[in-house]
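K.L.:
only the shape, not the letters, is given here:
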C-alpha cells in the first residue's frame, strides 16, 4: 500500500514539474493552456449563437460582465481603449451574465455606453459554467489556436490584458 501511495505521489510531483508556473498560481477560472470551449449564448435580440464561432480564427478577448457590476464599470475604459487600438487584429467578445439582467437592459447599456465588440447574453449560464467564471469583470484572452493564455478579474487588469494581446500579435 505504501509503495502505491509513494508511486502516485511521485507521478503527481513529476506532472507538476512540467506544468506551466502560471497555471499553478491560478486559483479560479478556466485553466490557462486549455482549449477555449464552445458555449451556447444568445445575441441581444434573442438569436442563438455559440462562442466557438470566434475561436481559432485569431486572438480573442472575452469579458464576462454585468450592467450592475462596479468593477466592470471600472474596467470599461481600458476595454474600450483596447477595442479601438486593436480593431481588426483582435476580436472582442462581451458576454453579459444573466444574473439580475435582461437582454433589453443590456442592449440599452451597450448603446448608451457605446461599447464596442460583439455582444452576447448568457441566458442559460452555459458560458459562465464552461469558462468557470468566478466573478463579473472576468476576462479571458484566447490565442489564434484556441488556447486560453490569460484570465483575470478586476477593474485594474487593463495593462495585463494588453500585455497578453501583445504576445499574440506579430
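P.N.:
Happy to help now that I have it. Small disclaimer: the values here were computed from a predicted structure and weren't measured.
K.L.:
can we go C-alpha only for contacts and neighbour counts from here?
P.N.:
Will do.
K.L.:
Provide a list of residues in contact with the residue nearest to residue 43 when sequence neighbours are not counted.
P.N.:
Nearest non-adjacent residue to residue 43, counting by C-alpha to C-alpha, 6 or more residues apart in numbering: residue 120, 4.7 Å away. Residue 120 is in contact with 41, 42, 43, 44, 93, 94, 95, 96, counting by C-alpha atoms under 8 Å, 6 or more residues apart in numbering.
K.L.:
buried members of the residues you listed into PyMOL, please.
P.N.:
To isolate the buried members of the contacts of residue 120 in PyMOL, using 16 or more other C-alpha atoms under 10 Å:
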select buried, resi 41+42+43+44+93+94+95+96
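K.L.:
which stretches of this protein have low pLDDT?
P.N.:
The chain contains residues with pLDDT under 70 at 1-27.
K.L.:
centroid-nearest residue for it?
P.N.:
Compute the mean C-alpha point of the chain, and by C-alpha atoms, centre = their mean the closest residue is residue 140, 2.5 Å away.
K.L.:
distance of the closest residue to residue 123 other than its chain neighbours from residue 114?
P.N.:
Leaving aside its sequence neighbours, residue 123 sits nearest to residue 98 (C-alpha to C-alpha, 6+ apart; 5.4 Å). Distance of residue 98 to residue 114, given as C-alpha to C-alpha, to the nearest Å: 20 Å.
K.L.:
and residue 170, by the same measure?
P.N.:
Residue 170 sits 29 Å away from residue 114, going by C-alpha to C-alpha.
K.L.:
could you do residue 36 as well?
P.N.:
Separation of residue 36 from residue 114 (C-alpha to C-alpha) stands at 27 Å.
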